[in-house]
Every structure is written in C-alpha cells, then in structure tokens.
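# got a structure for you, letters missing:
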C-alpha cells in the first residue's frame, strides 16, 4: 500500500437514530451491540456497547477499536449523538501511536439523564491524522444501542394510563404517498372512542392533524429486515400492543416467497419472547393490482390465520385481522401498491375494533352515516374499460461497484419490466440534501462523479415511468477512495 505519512487517522463515534443492527447476547442484565466492522484505507474499525439497552438515567460503556496495517500516529475522536441528531458528548484521543497490525481500544463512558431521548443510538467511526487532518477511513455504522424511557409508561391522560401501540410494518404503515397512512385515520377513532393511546417507535412522520406520529413503518422493508431490528425497537419502546402488517415487499420482490410464512412466524416469536406481555394483532396484507403479485399475496395471506392460531395455541397473545378482505381495487393508489385515502380509512376500520377489545375502557366511535342511495338511471351505461395496472417494483440489492477517489459506481437489480428510466439519488452521510440523476430503462449500473475524496455517501435507486415511480431501493453507504 502507499505510505501513510500524509494520511489521517480519526475515529469518530456518532450515535444517531438508525433502524438496523445486530445485537449480540451478553451477560445477564446487558448485552453487547455490534453493527459493522469496516476495513478500508489500511484500517479496520469497530465498536461495542455494554449494555446495549439501558433505561434513561443509566450508564453504558462504549469500546471503540481501531487497527492499522502500518505504523502511524493518529487522532481518535469519539462523539455521541442522540436519536434527534444532536451531539451530546465528544472525547478526543490525539497523537495515538499504532504499530503494524496493532489493534487498540478507546473507552468512552456515557451516562444518560432521566430526560434522555428514548430510541436507538448508532456508533460511527472515522480516521484522521493528528490535529484533525484529512479523513482516511470511515465506518458509518459501527454499533447500536438503545435507551428506554425512564418511566414504564407515559403520564396518564384524561382517559387513563396510555396504552403504548407500535404500528409495525412497511410503507403501508409509514404512509409513503399519504404521510401517516392509516395512522391518520386511526387516531380520531381513539379520541372519539375515549381511548388514551401512545403511538411508539423510532420513526416520526405524518400531518399536523396527527398529534402522535411515532411508528416503525419502514418503506421497502421485508420480513427479514424487520426481524433484524425488532429486538432493539421493542427493548427501547416496550409496546403494550403491536400492529403487525408485513410481507408486501417479500411478495413484490419475489423474495423466497415460499418461506415468507416461516419468516412471519419467526418474527412473531421474536416479539413474544422480547415483550411477552405485549398483545400482537397480525393483519393479512392488502391486495395489489396485477399478476403475479395478487396470486402471491393470496397464497401468503392464506397461511396467516393458521400461524396466528398456532401461536395462540402456545398461550401467546396473538390475534388476526383480515386486511385483504377490506381493501378493494378502488382503494389503491395509482401505483396499484399503496393506499388511496379510502384504503387508509378502511385499514383503520379494521385495526380499531381489535385495539379497542384489548385496550378496553372505551366505546366504539359513532358510525359514519351512509349517504342516501341515488336511484339508478334507467338507461344502460356504456361498458367501462378496465385499466391495466402499471406496477413498478422497487430495485433491490443496491450496492457498490467500482470506486475511485472522486467517483462511485452504483449497481442494482432491476425488478420491473415497464420502467422508462431509473432515478439514482445520493447525498453525503453528513448532509441532508439529495442529488438525483436519471438513467435509462433496463440499466443496472450508474457512475456518480465529481465527488469529494474519502467521503461516505448514501445511495438509493427507484424505477419510474410516465405514471409513477416505484418505492426506493435499499440505501447502501458507498465511499470514495
């Protein structure tokens, strides 16, 4: 490798809200969280956090590790960020000497306050020369840990102690085309029915009319991706009720569809093991337009009542609601995948009775008056042609190709057959503004140039045509050399 005399060594640990990670079991009363081990630029970095979950007001220990392939002197910087993105701690180790192949550890202790934000924290690591020189290495997600609310439940409201409800799923929970999705329709039912509910989760979105916008609806995610982070979320938020609706992206991506029911059952096992007192309401997934997606969805949905029945037979608090039966083709958005406003309203109608049965203490909201029927004209209407759905499937497996000091290549799998272009969007991990470029149809690679050297970027891809665009792909982090 090239001499490192002008290189930099900086180890920066940022704790910010992320939705993925690996929790490695540790001793009783705590665990070690490890998200990623990165090797680049002649360095390998990682971090562990013990314990990996703490109540607000308690302490945790971070061990940041770095090794170098060559002899070098470096600065090590450790920074702690809350889920809101606010920096709350910085610790610097300057002029640290590394021998070839030597691994060194840098301890950082952090004590949360009783008012520390609940949620998931992330460790990031980078490498600079002494005195804050040029960045040579970056590890964007080195470790995760969570902080839970200091109180077991929120302050009681007028309707009694709030019931903590976690909406859990994909873009149908997030809302995607209508921010807040079914949650915006469900909240007024709680108010009208006299229920005191606290939505919980690491994500926040929705209109101003939705006063509680927390949730765990991760757009584009499959069952296995939710399973990868569910323990961290449950440990942080301790829900009383989980609204689980997941599997649409497994069907859209044709991701080992035959094993999807087994993945769902295993996910339910994770939830009941982590929060045994929680009640889980499992929904079938709504319809989509067009073949082969509708057939996959119907086959998957047919297995869910049996999965729920088997779980309940083991003494677990799991119930089933049929979302598929409630949604008609006219309730779908123009992308034939997400919900129109009427679809969100119908999903809320399905969720609410099941929640009210568990939460208790409330009364059903008054029914929506049915408008009087309009007499049909005597003339026979002309046949209406059936629209052909134009479903666009999100690209998958977005990943790094060839990189240089000023460019990165993005590769992806094309899952659509009807796109007219792809949008490739990227931004520096430290920035908030996305830059989007467009490439042609049936393309599975794009090179992004004129970039800053040794800089990490988020990248995402989606398919588009004249009607709409697909959901975004997964979002890898790709660095220039």
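Arrived safely. Just so it is clear, the model here is predicted, and its values are computed rather than measured. Residues are numbered from 1 along each chain as shown.
# check contacts around the residue nearest the centre of the chain.
Residue closest to the average C-alpha location in the chain (Cα atoms, centre = their mean): residue 218, at 3.8 Å. The contact partners of residue 218, taken as Cβ atoms under 8 Å, 6 or more residues apart in numbering, are 19, 169, 170, 171, 174, 203, 225, 226. Every C-beta, even on glycine, is put in place using the N, C-alpha and C of the backbone.
# and those as a markdown table, adding distance to residue 88?
As requested, the contacts of residue 218 are exported to a markdown table (distance: Cβ to Cβ, whole Å):
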| residue | distance to residue 88 |
| --- | --- |
| 19 | 20 |
| 169 | 31 |
| 170 | 31 |
| 171 | 31 |
| 174 | 27 |
| 203 | 21 |
| 225 | 28 |
| 226 | 28 |
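# taking the residues you listed one by one, which sit in helices?
With DSSP state H as the criterion, helices contain 171, 174, 225, 226 from among those.
# All the helices of the stretch 151-300 of the chain, in order from the start?
For the stretch 151-300 of the chain, applying DSSP state H, counting those that start in this stretch gives helices covering 171-174, 183-193, 223-227, 230-237, 248-252, 260-274, 293-313.
# Could you dump these into TSV with distance to residue 426 and mean pLDDT added?
TSV is the format used below for these (distance: least, Cβ to Cβ, whole Å; pLDDT from 0 to 100):
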stretch	distance to residue 426	mean pLDDT
helix 171-174	21	94
helix 183-193	30	93
helix 223-227	21	95
helix 230-237	27	93
helix 248-252	22	93
helix 260-274	31	95
helix 293-313	29	92
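# Which among these is found nearest to residue 94?
helix 230-237 (32.9 Å; Cβ to Cβ).
# Reformat the ones in helices among the contacts of residue 218 as TSV; add distance to residue 133 and neighbour count.
Below are these laid out as TSV (distance: Cβ to Cβ, whole Å; neighbours: other Cβ atoms under 10 Å):
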residue	distance to residue 133	neighbour count
171	42	22
174	41	26
225	37	19
226	41	27
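# Which other helices and strands does the host helix or strand of residue 124 contact?
Secondary structure assignment for residue 124, by DSSP states H and E: strand 119-127. Contacts defined by 3 or more Cβ pairs under 8 Å, 6 or more residues apart in numbering; DSSP states H and E place strand 119-127 against strand 43-50, strand 59-68, strand 72-81, strand 137-148, helix 230-237.
# following the first one, which helix or strand comes up?
Think strand 43-50. strand 53-55.
# Report all helices and strands that that next one contacts.
Contacts defined by 3+ Cβ pairs under 8 Å, 6+ apart place strand 53-55 against strand 137-148, helix 230-237.
# Run through who's touching the last one.
Read it as helix 230-237. Applying Cβ under 8 Å, 6+ apart, the set of residues contacting helix 230-237 is 19, 21, 23, 33, 52-53, 118-120, 144, 146-149, 164, 166, 168, 200-202, 216, 267, 270-271, 274-275, 278.
# Now list the buried members of those.
Buried members of these, counted by 16 or more other Cβ atoms under 10 Å: 19, 21, 23, 33, 52-53, 118-120, 144, 146-149, 164, 166, 168, 200-202, 216, 267, 271, 275, 278.
# The stretch 351-481 of the chain: strands as residue ranges?
Listed in chain order, the strands found in the stretch 351-481 of the chain under DSSP state E, counting those that start in this stretch are 396-403, 408-413, 421-428, 435-440, 445-448, 456-464, 477-479.
# Now the ones you listed in JSON lines, please, with extra columns for distance to residue 188 and mean neighbour count.
Formatted as JSON lines, the strands of the stretch 351-481 of the chain follow (distance: least, Cβ to Cβ, whole Å; neighbours: other Cβ atoms under 10 Å):
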{"stretch": "strand 396-403", "distance to residue 188": "36", "mean neighbour count": "16"}
{"stretch": "strand 408-413", "distance to residue 188": "40", "mean neighbour count": "21"}
{"stretch": "strand 421-428", "distance to residue 188": "35", "mean neighbour count": "20"}
{"stretch": "strand 435-440", "distance to residue 188": "36", "mean neighbour count": "12"}
{"stretch": "strand 445-448", "distance to residue 188": "44", "mean neighbour count": "17"}
{"stretch": "strand 456-464", "distance to residue 188": "32", "mean neighbour count": "23"}
{"stretch": "strand 477-479", "distance to residue 188": "39", "mean neighbour count": "20"}
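# Put together CSV for these, with distance to residue 321 and mean pLDDT on each row.
Below are these laid out as CSV (distance: least, Cβ to Cβ, whole Å; pLDDT from 0 to 100):
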stretch, distance to residue 321, mean pLDDT
strand 396-403, 29, 90
strand 408-413, 33, 92
strand 421-428, 35, 87
strand 435-440, 38, 83
strand 445-448, 42, 91
strand 456-464, 31, 87
strand 477-479, 37, 92
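# Nearest to residue 91, out of the ones you listed?
Among the strands of the stretch 351-481 of the chain, strand 456-464 sits nearest to residue 91 (Cβ to Cβ), with 21.6 Å.
# Any stretches of the stretch 301-450 of the chain with poor pLDDT?
360-392 (pLDDT under 70).
# Go again with 50.
361-390 (pLDDT under 50).
# can you pull out the helices in it?
Using DSSP H, counting those that start in this stretch, helices in the stretch 301-450 of the chain cover 341-359.
# where does the stretch 51-200 of the chain have low pLDDT?
Applying pLDDT under 50 to the stretch 51-200 of the chain flags the ranges 151-159.
# ok so, going back, would JSON lines of the helices and strands packed on strand 119-127 with distance to residue 334 be doable?
Output for the helices and strands packed on strand 119-127, formatted as JSON lines (distance: least, Cβ to Cβ, whole Å):
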{"stretch": "strand 43-50", "distance to residue 334": "44"}
{"stretch": "strand 59-68", "distance to residue 334": "47"}
{"stretch": "strand 72-81", "distance to residue 334": "39"}
{"stretch": "strand 137-148", "distance to residue 334": "35"}
{"stretch": "helix 230-237", "distance to residue 334": "32"}
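# so which of the ones you listed comes closest to residue 429?
strand 137-148 (5.8 Å).
# Name the strands paired with that closest one and say parallel or antiparallel.
Strand 137-148 has these partner strands in its sheet, going by DSSP bridges: strand 53-55 (parallel), strand 119-127 (antiparallel).
# how about the ones in helices among the contacts of residue 218 in TSV, adding distance to residue 397?
Listed next are these as TSV, based on distance: Cβ to Cβ, whole Å:
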residue	distance to residue 397
171	18
174	21
225	13
226	18
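# Pick out the most distant pair among those residues.
174 and 225 (13.5 Å).
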